[in-house]
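>>> need a 3D model of the following:
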Amino acid sequence: VEVKSWMHRCGAAVAAVAAAAVLSSVAPSPVAAIPQTSACATDPCDDFDYSNQDLRKEFFTKGSLKRANFSNSNLERVTLFGANLEKANFTGANLLYADLGQCNMQGANLTDAILEGVIVSSTNFDGAIIEGSDWTDVIIRKDINNELCKVASGTNPVTEVETRESLMCLD
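Model (predicted):
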């Protein structure tokens, strides 16, 4: 009986070692990593012209894009997280569900831009031009929203939503 018990335990151990060997030889499946920075973070992309382009497969995380031209471009779901977009031009751009969290958007031109569902946590919009932009379903800190409401005007030509209405400005 003791011999059978010992053989049973050894058989289980051999099986465990064999299974471990097989599993360790199998390559792990690749995981899509989210880049922490973009090329524009190491080499500034200030004053670049990205106008009239489909940029949905690009990312500009923490990039320096001061005065860059994104007018009439498709930036749907693009991450611009932490980017310096000071005085960048987004006139007529589609920013649907993009990530603008922690961006510097001082003096940026968002005329007629679609910002529906955009992430804007801790984003600086001081001096931004927002005429005709659509902010539907954007969660904005109350103090930032109040500042945007002071300059909000116009109606988005694509969505036909009034800027003040999309920001839920009180009249």
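
>>> would you map the strands across the chain?
Shown for the chain, no strands are assigned by DSSP state E.

>>> pLDDT weak spots in it?
Filtered on pLDDT under 70, the chain yields the residue ranges 1-37.

>>> from the chain's centroid, how far away is stretch 46-61?
Remark: stretch 46-61 is offset 13 Å from the chain centroid, using C-alpha atoms, centre = their mean, to the nearest Å.

>>> which residues touch it?
Contact with stretch 46-61 is made by 35-38, 40-41, 45, 64-83, 89, as judged by C-beta atoms under 8 Å, 6 or more residues apart in numbering. C-beta here means a position set from N, CA and C on the backbone, and glycine is covered the same way.

>>> if you set the cut-off to 6 Å instead, what comes out?
Residues from elsewhere that reach stretch 46-61 (C-beta atoms under 6 Å, 6 or more residues apart in numbering): 37-38, 40, 64, 66-76, 78-81, 83.

>>> tell me which residues in that stretch are buried?
Within stretch 46-61, the residues that count as buried by 16 or more other C-beta atoms under 10 Å are Phe48, Tyr50, Ser51, Leu55, Glu58, Phe59, Phe60, Thr61.

>>> need the max-distance pair from those.
Maximum pairwise distance among those (C-beta to C-beta): 20.7 Å, between Ser51 and Thr61.
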